[in-house]
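*Asks:* I'd like to go over a predicted model; first the sequence, then the structure.
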Amino acid sequence: MNCKIKFLAIALLLTLSCNAQEAKKIEKKAFPYEVISKIAAYEKIPNKGISSLNDGVLNWGRSNYLGALTNKLKNECRIYIYSEEKGLAPLVMYPDCKFIGNAKISNARNKEMPDIIFKMLLSSGNIPGPVEHYVVAVFDDQKKEYCGSQSIAAWYQIGILSNIPETFDIICPY
């Protein structure tokens with residue numbers, strides 16, 4: 001009887017360990033159709049008015065997504081986060097912008113979960129021409145979700161990656 005209990009305990013620990021490793025694995029995937037429909041409803045536009053950034057949607061765990069979209073009708077950039085448990089929430093929204101390249105995954109800060117970097121061009125009324133801007137999603141270990149950080153975005157944009165700043169300005173969508 002003791003052997004069965006020990007075996008079940010070991011099996012449970014292995015299962016939990018595998019699930020934890022699965023949650024840490026990030027891969028580029030498209031938003032599922034149901035998430036696109038929720039975003040379209042949130043934006044109050046038809047599904048075809050939304051365009052996902054190529055390689056700009058990331059998935060981890062079973063139902064967690066972070067992705068960059070363009071509202072084609074208004075030329076606006078959006079980054080949304082979605083989880084089955086918490087639903088849909090906008091991380092950032094910018095008018096009159098364009099994404100540059102794909103989302104980048106970075107382990108430069110040596111954290112449990114990588115940072116997700118989005119580059120975009122923003123138009124400003126004060127400056128002629130577009131301005132390059134970074135949005136970085138960092139994983140909040142306490143809340144177990146991705147959030148935004150302007151200090152980490154500035155750190156990546158400046159490119160001096162030797163001095164890692166504190167993430168005192170984390171803003172979470174939920």
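*Replies:* That came through, no problem. Residues are numbered from 1 along each chain as shown.
*Asks:* which residue ranges form the strands in the chain?
*Replies:* With strands called from DSSP state E, the chain shows them at 26-28, 50-60, 64-71, 76-83, 87-94, 97-106, 115-123, 130-140, 145-148.
*Asks:* how about TSV for those, with mean pLDDT and mean neighbour count added?
*Replies:* The way it works is simple: take the backbone N, C-alpha and C, and place the C-beta from them, glycine included. Formatted as TSV, the strands of the chain follow (pLDDT from 0 to 100; neighbours: other Cβ atoms under 10 Å):
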stretch	mean pLDDT	mean neighbour count
strand 26-28	91	14
strand 50-60	90	18
strand 64-71	92	22
strand 76-83	94	22
strand 87-94	94	16
strand 97-106	93	16
strand 115-123	94	20
strand 130-140	94	19
strand 145-148	94	21
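*Asks:* What is the end-to-end distance of stretch 58-70?
*Replies:* Start-to-end span of stretch 58-70 (Cα to Cα, to the nearest Å) is 16 Å.
*Asks:* swap in stretch 149-164?
*Replies:* Chord length of stretch 149-164, first to last residue, is 13 Å (Cα to Cα).
*Asks:* Which residue would you name as the spatial centre of this structure?
*Replies:* Central residue of the chain (Cα atoms, centre = their mean): residue 66, 3.4 Å from the mean position.
*Asks:* Which residues are in contact with that residue?
*Replies:* Contacts here follow Cβ atoms under 8 Å, 6 or more residues apart in numbering; on that basis residue 66 touches 57-58, 79-82, 91, 116, 137, 146.
*Asks:* Could you point out which of those residues is nearest to residue 153?
*Replies:* Minimum distance to residue 153 across the contacts of residue 66 is 9.3 Å, recorded for residue 137 (Cβ to Cβ).
*Asks:* and the closest one, bridged to which residues?
*Replies:* Listed beta-bridge partners, residue 137: residue 116, residue 148 (assigned using DSSP bridges).
*Asks:* Chain neighbours aside, what residue packs nearest to residue 38?
*Replies:* residue 88 (4.8 Å; Cβ to Cβ, 6 or more residues apart in numbering).
*Asks:* you'd agree the one you found is up against residue 82?
*Replies:* Yes: if you go by Cβ atoms under 8 Å, residue 88 and residue 82 touch, sitting 5.0 Å apart.
*Asks:* overlap in contacts of those two?
*Replies:* Here residue 88 and residue 82 have 35, 38 as joint contacts, going by Cβ under 8 Å, 6+ apart.
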